[in-house]
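>>> Fold the following and give me the result.
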Amino acid sequence: VQLVESGGGMVQPGGSLRLSCAASGFSFASYAMSWVRQAPGKGPEWVSSIHTSSSTTNYADSVKGRFTISRDNAKNTLYLQMNNLKPEDTALYHCARVTSYVPPDRYEYDSWGQGTQVTVSS
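So this is what the prediction gives:
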């Protein structure tokens, strides 16, 4: 299993970024996927998840209405469109392969990427 994130960077508050996660080594279309972030000095925070058919997506309250998760199963790629970014969104963003799901929004993972850094600052 390999997950490689990209698309991070530094933006001003109110700006946008689009993160990508290239997946390989497994049947991407068969797994739900998540984005999880970790800010300096804090534990991991679940951000969003998308199920295999893209018909089900879930978001943390802190990003709801600003972030959009999507996937392209033909390209084995996961995305996170982030709009109206805030300083509190600053973190290392990881994509993760989901192994279990308990509704409404509890996920467990078995593989993570190395992450891509997002910094929101004026």
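>>> ok, and for the longest strand along the chain, which residues are buried?
Longest strand in the chain, counting residues (DSSP state E): strand 91-102. Neighbour-count burial for strand 91-102, counted by 16 or more other CB atoms under 10 Å, picks out 91, 92, 93, 94, 95, 96, 97, 98, 101. (C-beta placed from N, C-alpha, C; glycine too.)
>>> Residue nearest the middle of this structure, spatially speaking?
Residue closest to the average C-alpha location in the chain (CA atoms, centre = their mean): residue 35, at 2.2 Å.
>>> That one falls within a strand, correct?
Yes. Counting by DSSP: H, G, I helix; E, B strand; the rest coil, residue 35 is located in a strand.
>>> Bridged to it, which residues?
Here residue 35 sits in beta bridges with residue 48, residue 95, as judged by DSSP bridges.
>>> Count the neighbours of residue 42 for me.
Counted with other CB atoms under 10 Å, the neighbours of residue 42 add up to 9.
>>> If anything else comes up later, I'll come back, but that's it for now.
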